[in-house]
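Undergrad: Here is my input, please return the structure:
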Amino acid sequence: MGPALACIAASVLLTALIGAMGPSAMVPALPGPGWQPPYWIPADPHPHLVVAMAATALVLGGAGLLAALSVTSVPARLPRILVLAGCVAAAILAFLPPSGSGDHLNYAGYGRLASLGIDPYTHGATDLPGDPVTDAVEAPWREEPTVYGPVATVMHMAASWLAGDSVRLTIFLLALVNAAAFVVTGLLIDRFTRDDPARRLRAALLWTANPLLLYQLVAGMHVDTLAIACMVAALAARSRPAAGGALLGLGVAVKLNAGLVALGPAWELRRDPRRLTVMAGVAVAVVAAGYAVAGVEALAPVTRTSKSISNASFWKLVQGWLQSVVGTGSAYRGEIQAGSLLLLALLAWALLRLVARSVIGGEEAVAVAAVMVVAYLFASPYVLPWYDGLAFGVLALAAASALDRFAVTHLLVLSLAYLPARVVGQPPELEWLRTVVRSQVVPWLLLALTAALLWWAWRAGARVRTRPGSAAPPR
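TA: Just a heads-up that it's a prediction; the model follows:
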């Protein structure tokens, strides 16, 4: 366990150093008074250095995490130490500038528009030229309206209202909320698993002390963290249908795809129509209220982004094959969307068979939610590394299985694809990271990983079915 923990610690330290060195190819500049947080030492590091540091952090973190998850002997105090260390790391990262992408500048821009009475669902940063906050938004997102739910928009607006013209302070306020959501999620998961030391250790590794999540969700400061916090809390509170429904609704009103988690409690309550109706009714009411306040324009991004295909997705390969065979006159987005839904159904069916046969164990609601989220992330045409955080939040509550390693590998490969997830400030000599690694190497790796997941699920289900004396799946 010692070498694994050393790799994890080195990964987190490198992630923090990237932020501490200030603006670079990995860290967007944050205009605002120097006395305001977040803080850094203006080292002006070379792009090659910070990208190499990020790549090293990801490889060390992924290797250490995979090795630590294989450990069977658990020192009694280790889970508690890891939870504490992860919480401290999250708090420190909140006081450093975000790294890895420019999404946090988008959040500040959307909040600025909303605080000035401009609808961020119909306007982008370019619609407010000369403003100190919206001018900081980076290409290619300057013309884009927000794609996030009304709860996320309210959070962005509140931070902008409190911080005024300072991008720096706006980002810090959002980072505090983000880090708090990460820590609260970790504490909820730790409480959920505290009766079993081995399970508690695994949960800490998958969430609070996970160097890949600290890199993506905390240092990267993505709004997904808030949605995950709501969904983990909803799973923990599902014995109270009204509270669980309200939390599910809040999570969906942060980011729509978080609603996949609701399938777990819904399946668990399928034989209790009264409680299911209460939970579903409250969740729908919360979502409807949020979108009623935001306006129907808030639903437009859902349809606009539903057919998007990210460059690292293996569906980009499929799109290229279709264009080479049939013709380039169409992007084939509709066909790819249909194909991804079929793959999602196949993966979900294969994994749900394992839940029924207890290969993927744990409480029924958590196990079903975990496999549905994993199936979605592996099948979706639009994948970004921080999206994987939802799977880790739910898997940390479930029992151990091979899904843990599939999820870690998926996140590691995607993270390496987006080094960094920025367009601005990237030197031409590193363009191969986008044109070769992201667009050619990673799609093939993800295709192979998805095929391996399907093969494993099929084989595992077959082994259980043919095992002498094995019980039949519940009807």
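Undergrad: Residues contacting stretch 68-81, please?
TA: By C-beta atoms under 8 Å, 6 or more residues apart in numbering, the residues outside stretch 68-81 that reach it are 1, 4-5, 8, 190, 197-198, 200-206, 400, 404-405, 408. (C-beta placed from N, C-alpha, C; glycine too.)
Undergrad: An error on my part: the question was meant for stretch 233-247.
TA: Contact with stretch 233-247 is made by 184-185, 188, 191-192, 230-231, 248, 251, 261-262, 264-265, 268-269, 275-276, 278-283, 286, 365-366, 369, 394, 397, as judged by C-beta under 8 Å, 6+ apart.
Undergrad: With only the CA atoms kept, save it in CSV.
TA: Output in CSV follows, covering the C-alpha atoms of stretch 233-247 (Å, rounded to 0.1, in the frame of the first residue of the first chain):
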residue,chain,number,x,y,z
ALA,A,233,-27.3,12.8,-0.7
ALA,A,234,-30.5,11.6,-2.4
LEU,A,235,-29.3,8.0,-2.3
ALA,A,236,-28.3,8.3,1.3
ALA,A,237,-31.7,9.9,2.2
ARG,A,238,-34.0,7.7,0.0
SER,A,239,-35.6,6.1,3.1
ARG,A,240,-37.4,9.5,3.3
PRO,A,241,-39.1,9.8,-0.1
ALA,A,242,-39.8,13.5,0.1
ALA,A,243,-36.3,14.4,1.1
GLY,A,244,-34.8,12.0,-1.4
GLY,A,245,-37.0,13.4,-4.1
ALA,A,246,-36.1,17.0,-3.4
LEU,A,247,-32.4,16.2,-3.6
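Undergrad: That one - what's its average pLDDT?
TA: Mean per-residue pLDDT for stretch 233-247: 95.
Undergrad: from the middle of its chain, how far away would that stretch be?
TA: Relative to its parent chain, stretch 233-247 has a centroid offset of 21 Å by C-alpha atoms, centre = their mean, to the nearest Å.
Undergrad: go on, stretch 90-105?
TA: Relative to the centre of its chain, stretch 90-105 is centred 15 Å away, using C-alpha atoms, centre = their mean.
Undergrad: Can you name the helix or strand that R275 falls in?
TA: Using DSSP states H and E, R275 sits in helix 273-294.
Undergrad: got the CA coordinates for that helix in PDB?
TA: Extracted in PDB, the C-alpha atoms of helix 273-294 (Å, rounded to 0.1, in the frame of the first residue of the first chain):
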ATOM      1  CA  PRO A 273     -46.200   2.700  -5.400                       C
ATOM      2  CA  ARG A 274     -47.000   5.200  -2.600                       C
ATOM      3  CA  ARG A 275     -43.400   6.000  -1.700                       C
ATOM      4  CA  LEU A 276     -42.400   5.900  -5.300                       C
ATOM      5  CA  THR A 277     -45.100   8.500  -6.200                       C
ATOM      6  CA  VAL A 278     -44.000  10.800  -3.400                       C
ATOM      7  CA  MET A 279     -40.300  10.700  -4.400                       C
ATOM      8  CA  ALA A 280     -41.000  11.100  -8.100                       C
ATOM      9  CA  GLY A 281     -43.600  13.800  -7.500                       C
ATOM     10  CA  VAL A 282     -41.300  15.900  -5.300                       C
ATOM     11  CA  ALA A 283     -38.400  15.500  -7.700                       C
ATOM     12  CA  VAL A 284     -40.500  16.500 -10.700                       C
ATOM     13  CA  ALA A 285     -42.000  19.500  -8.800                       C
ATOM     14  CA  VAL A 286     -38.500  20.800  -7.800                       C
ATOM     15  CA  VAL A 287     -37.200  20.500 -11.400                       C
ATOM     16  CA  ALA A 288     -40.400  22.000 -12.800                       C
ATOM     17  CA  ALA A 289     -40.200  24.900 -10.400                       C
ATOM     18  CA  GLY A 290     -36.600  25.600 -11.300                       C
ATOM     19  CA  TYR A 291     -37.200  25.600 -15.000                       C
ATOM     20  CA  ALA A 292     -40.400  27.600 -14.600                       C
ATOM     21  CA  VAL A 293     -38.400  30.400 -13.000                       C
ATOM     22  CA  ALA A 294     -35.600  30.100 -15.500                       C
END
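Undergrad: Tell me which residues are up against it.
TA: 121, 149-151, 153, 238, 241-242, 244-246, 248-250, 252-253, 262, 265-266, 269-270, 298-299.
Undergrad: Buried residues, it. List them.
TA: Within helix 273-294, the residues that count as buried by 16 or more other C-beta atoms under 10 Å are R275, L276, V278, M279, A280, V282, A283, V286, V287, G290, Y291, A294.
Undergrad: Fine by me, thanks again.
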